[in-house]
Each structure stands twice: as C-alpha cells, then as structure tokens.
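In: Pasting the sequence and the predicted coordinates here, then a few questions.
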Amino acid sequence: MTIIASLLRAADLPDSPTARLDAELLLAAALGKPRSYLHTWPEKIVSSEDALTFASYLQRRRGGEPVAYILGQQGFWKLDLEVAPHTLIPRPDTELLVEAALELLPASPTQVLDLGTGSGAIALALASERPAWKVTAVDRVLEAVALAERNRQRLHLNNVTVLNSHWFSALQGHTYDLIISNPPYIADNDPHLVAGDVRFEPASALVAGRDGLDDLRHIIHEAPKHLNAGGWLLLEHGYDQAPAVRDLLLSQGFADVHSRIDLGGHERITLGRRPC
Ligand SMILES: C[S@@+](CC[C@H](N)C(=O)[O-])C[C@H]1O[C@@H](n2cnc3c(N)ncnc32)[C@H](O)[C@@H]1O
C-alpha cells in the first residue's frame, strides 16, 4: 500500500532546483488531480495503476525528457497549451514579446502575423487579450500547424487563422500592422543543443545557420514588404544577438529600433517600426 507522501519522497529525480516540483507535477498528472491535492491529501492511498504511471513518468524524466513533453502541456501567458515534440516548449521570456505588442498597438482592429507559431503561443495569447485583432499564425512544420490549430480550437479563439507557410511564402500581397516572431536563433554548433531539456526539442525550432541569424536575417529582409506604414516588427533572439539584430533592422530602414531586457537581464527582444 503506497501513499502520496511516500511516493514523492522516493521519487529520486536527479538533483536540480525543480526536482521536487517536477515530481509533484508528474504525480498530480498520474492521479489526474491538481497539484494542491498532493498537499491536501498526503496520506491518500495511490492505486497500483496510478503508481505505475507515475513510475513511467519518472523514468522518462530521469532520461532528461522535459516535464512539458511528458505531460503534453505547458502554461504560457494566461493559457494552458498542448505541446508536442515537433516544436518548442513555450518559454516565459517569450511573454516579453506579447507584453510589448499589447503596449505598442491599439486595441482597435489590427492585422497581426506570428511567424513560426509552434504551439500557437504568441498568436493565441495576443488573440485572447485583443478580440478585435485578426491574427495569422504560420509555421513551416505541418505537425506544428496542426498543434496550433488544436490549441486555437480548444481555446475558442476565432480571431486566429493558422496556416502552413515557409516564412512569408504563403502570404504574398498580404500586409500587417504587427509582425511578431520567435524564430530559430541558435548557431548550429552551439553546445547547448546537446544539453538539458533543449536536446529533446527539434532542430527545426532551434537552429538557424552558422551564427544563428539566418532566419532573423530573412525575416528582417522580407518584413518591409509585408508591413503597413508605421507597422511594428517584434523579434525574439539570443542573449548576445541584440546588436546584430539592431544593425539588420537599421540597414533595412526601420525606425524606433530598440531592444528590451528579459528576466535574466539579457537583451532578449528587439523592435523596429516601418517608417510612415
Ligand atoms: C523557436 S520556435 C518558436 C515557437 C513559438 N512561436 C514559441 O515562441 O513558443 C520557432 C518556430 O519556427 C518554426 N519555423 C522554423 N523555420 C520556419 C520557416 N522557414 N517558416 C515558418 N516557420 C518556421 C519552427 O517550426 C518553430 O515552430
């Protein structure tokens, strides 16, 4: 007979700042209960079936698989999103892009494009905050398009359209007031790619050429054709790429170019505006 408290004590995940939290999230999911249930009912008996499910989750976590992939879900902004190994697990730093967009654009009808939408995180967060905005979300990976569409439907966000597109290829002739993107931006030889949770995420969501700037260069070069006068381009990038991204935006004639700092104190997003 096993109780909740003893299962958690025996979880034995590798030492990390999130080991206890990870174990609690996995056990709560195995039981089909909220995490608070574990603290309210530490003496509750766990069925052998649920204990086995928990053991299989722990084994995957010990192998390094991110908790979000094991559970198939991740919180972003105020939304619970389905996530899958075909695309990135949304990160808290990316909420900076959402905050900047909500601050810079009016709540009135606005045409928005989210490039490389993945799970749909940015597009769906914006659409949930601004019902009058019309958001187009694109991804090159078909499984990501299907995932973003499932999240859109579950959240009933009818002001979002999800499309398959290689950056702007399916959007010829369309223009927007805001183009927003968290594109791949890691250099192909970066050692982080083979460490920690990142090694479980697909290269298609992470890697962008020798210096990590290939996709940012392409987006910045093409964006002016797809921005209305005065429209904003908001980009996430690597912690050390802000000067390069500012230079690229300035060389394409963008105005009001500046970067903003993430929770770790790094310049994480850079913004520019197509002159009126
Ligand atoms: C860093 S992930 C960001 C996912 C999501 N926007 C987020 O912030 O969680 C980059 C995304 O860009 C997509 N992507 C990569 N190359 C692309 C391309 N050429 N055209 C469209 N999407 C692309 C990937 O499939 C991936 O979903």
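Out: Done, it's in. Numbering: from 1, shown residues only.

In: residue boundaries of the strands in the chain?
Out: 2-3, 45-46, 73-76, 79-82, 111-115, 134-139, 160-164, 176-181, 227-236, 255-261, 267-273 (DSSP state E).

In: Pick out the shakiest of those, pLDDT-wise.
Out: The minimum mean pLDDT among those belongs to strand 2-3 (a mean of 92).

In: Give me the contact list for that strand.
Out: Residues from elsewhere that reach strand 2-3, judged by C-beta atoms under 8 Å, 6 or more residues apart in numbering: Pro42, Glu43, Lys44, Ile45, Val46, Ser48, Ala51. For every residue, glycine as well, the C-beta is placed using N, CA and C.

In: my read: the fifth one touches Ala10, true?
Out: No - applying C-beta atoms under 8 Å, one finds Val46 not in contact with Ala10, separated by 11.5 Å.

In: out of these two, which sits in the more crowded spot?
Out: Val46 (19 against 11; other C-beta atoms under 10 Å).

In: and of the strands of the chain, who's closest to the ligand?
Out: strand 134-139 (4.5 Å; C-beta to the nearest ligand atom).

In: Partner strands of that closest one and their direction?
Out: Note on strand 134-139: by DSSP bridges, its sheet partners are strand 111-115 (parallel), strand 160-164 (parallel).

In: quick one: that strand near the ligand?
Out: Yes - using C-beta under 6 Å from any ligand atom, we find that strand 134-139 touches the ligand at Val138, Asp139.

In: quick one: that strand to strand 176-181, angle?
Out: Computed with axes from the mean of the first three to the mean of the last three C-alpha atoms, to 10 degrees, the direction of strand 134-139 lies at 30 degrees from that of strand 176-181.

In: Now Pro14: phi and psi?
Out: phi -60, psi 140 (degrees, to the nearest 10).

In: Up against the ligand, what does the stretch 101-250 of the chain have?
Out: 116-119, 121-122, 138-141, 144, 166-167, 182-184, 204-205.

In: repeat that with 8 Å
Out: Listed as neighbours of the ligand in the stretch 101-250 of the chain under the rule C-beta under 8 Å from any ligand atom: 114-123, 138-141, 144, 165-167, 169, 181-185, 202, 204-206, 215, 218, 236.

In: of the residues you listed, buried ones?
Out: Buried subset of these (neighbour count, 16 or more other C-beta atoms under 10 Å): 114-123, 138-139, 141, 144, 165, 167, 181-185, 202, 204-206, 215, 218, 236.

In: how about the nearest residue to Ile261 once chain neighbours are set aside, what does it touch?
Out: Nearest residue to Ile261, sequence neighbours excluded (C-beta to C-beta, 6 or more residues apart in numbering): Glu267, at 5.9 Å. Applying C-beta under 8 Å, 6+ apart to Glu267 gives the contacts Tyr239, Ala242, Ser259, Arg260, Ile261.
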